[in-house]
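# sequence unknown, structure follows:
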């Protein structure tokens, strides 16, 4: 052990041991940092993958909702353009008005029935082709804000039923 004593007392040996100790601590810290960096990279990759999946799902849902919105817009547009809907609505209004007038106005029933019969005869003749349809006159001469009297005057000039129901 005599040969170890001068080596252990040498300042070079002590400097080497302290240097190796700090180098070991630096390597340990480096490996620890590398492991943490890999873990963070993996977490970031997972997070980006999840966010991409959510973004894709949101985009698909947005496209689906946009398509659904477009379909509904087209349905609403086509239902507004549907002439049978307006005709059915007008027919319902007339049916309700007829019931109210039958109840409220004495003597209205006879005049109403004769006006309905005359209108029916006109429609039958229009369908046979013996007279021009009144729809044509209404489309060309009646605007949204036209007074009812003006339309009645046009219809009476063309041979239509007047407002008193006497043909």
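All right, it came through fine. Quick caveat: nothing in here was measured; it's all calculated off a predicted structure.
# Helices of the chain, residue ranges please.
4-9, 11-81, 83-104, 108-128, 134-141, 148-157 (DSSP state H).
# Give me the most central residue, this protein.
residue 69 (2.6 Å; CA atoms, centre = their mean).
# distance of residue 4 from residue 10?
Per CB to CB, to the nearest Å, residue 4 is found 11 Å from residue 10. Quick note: C-beta positions are derived from backbone N, CA and C, even for glycine.
# Which secondary structure element of the chain has the lowest mean pLDDT?
Every helix and strand of the chain was ranked by mean pLDDT, DSSP states H and E. The lowest is helix 148-157, at a mean of 49.
# separation between the most far-flung residue of the chain relative to its centre and residue 66?
The centre of the chain is farthest from one residue, residue 2, which by CA atoms, centre = their mean lies 95.4 Å away. Separation of residue 2 from residue 66 (CB to CB): 92 Å.
# How is the protein divided into domains?
10-79, 82-157 (automatic domain parsing).
# lowest-confidence stretch among the ones you listed?
Ranked by mean pLDDT, these end with domain 82-157 in last place, scoring a mean of 68.
# which of the domains of the chain is buried the deepest?
domain 82-157 (a mean of 12; mean count of other CB atoms under 10 Å).
# Contact partners for residue 13?
residue 7 (CB atoms under 8 Å, 6 or more residues apart in numbering).
# Recalculate using a threshold of 10 Å.
4, 6-7 (CB atoms under 10 Å, 6 or more residues apart in numbering).
# thinking again about what came up before, let me see the confidence value for the residue farthest from the centre of the chain.
77.
# roughly how far apart are it and residue 73?
102 Å.
# do residue 48 as well
In terms of CB to CB, residue 48 sits 36 Å off from residue 73.
# Thank you, goodbye.
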